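Student: need coordinates for the below:
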Amino acid sequence: MSLDQVANSYKQADNLYVKGMDTPHGRIKIIFEQLEVNIEKIISNHPKTEFVAFGKVMQCFMVLSGSLDFEKGESLAEQLNELYDYCARTIKDYLTEKDITRLEEVLTIVTELANSWKSIEPN
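Tutor: Below you'll find the predicted structure:
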């Protein structure tokens, strides 16, 4: 088997494993899904801190912020960036405050954003 065949086989298997990974829209959708799953893990372990989930949540917010196109998105991109920053700061504050209502607030925001993102899925 040639190197190209191996690479194509790997790519096909990888895309089957994580459906949607092949488009920018699909990748952002996966990020939102991971945010929801990991915030729920943090909530379910309250008052203990689930540090792996915490790290994944923080990374997801960094990816979302980094994916914004401020030139094309203008004020919407700026508002989303501020919202992502607010959510990340709120999650960080949980480490010291242990206020579960703040986690629930962030989960609500993320769920609403995820649902909005799913509604604009390209054909």
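Student: identify the spatial nearest neighbour of the residue nearest the centre of the chain, chain neighbours not counted.
Tutor: Centroid-nearest residue in the chain: Ile31, 3.0 Å away (criterion: C-alpha atoms, centre = their mean). Leaving aside its sequence neighbours, Ile31 sits nearest to Cys60 (C-beta to C-beta, 6 or more residues apart in numbering; 5.1 Å). To be clear about C-beta, it is placed using only N, CA and C from the backbone, and glycine gets the same treatment.
Student: Gly73 now?
Tutor: Distance criterion C-beta to C-beta, 6+ apart; nearest residue to Gly73, sequence neighbours excluded, is Leu80 at 7.4 Å.
Student: what's the separation between that neighbour and Lys98?
Tutor: Applying C-beta to C-beta, to the nearest Å, the value for Leu80 to Lys98 is 28 Å.
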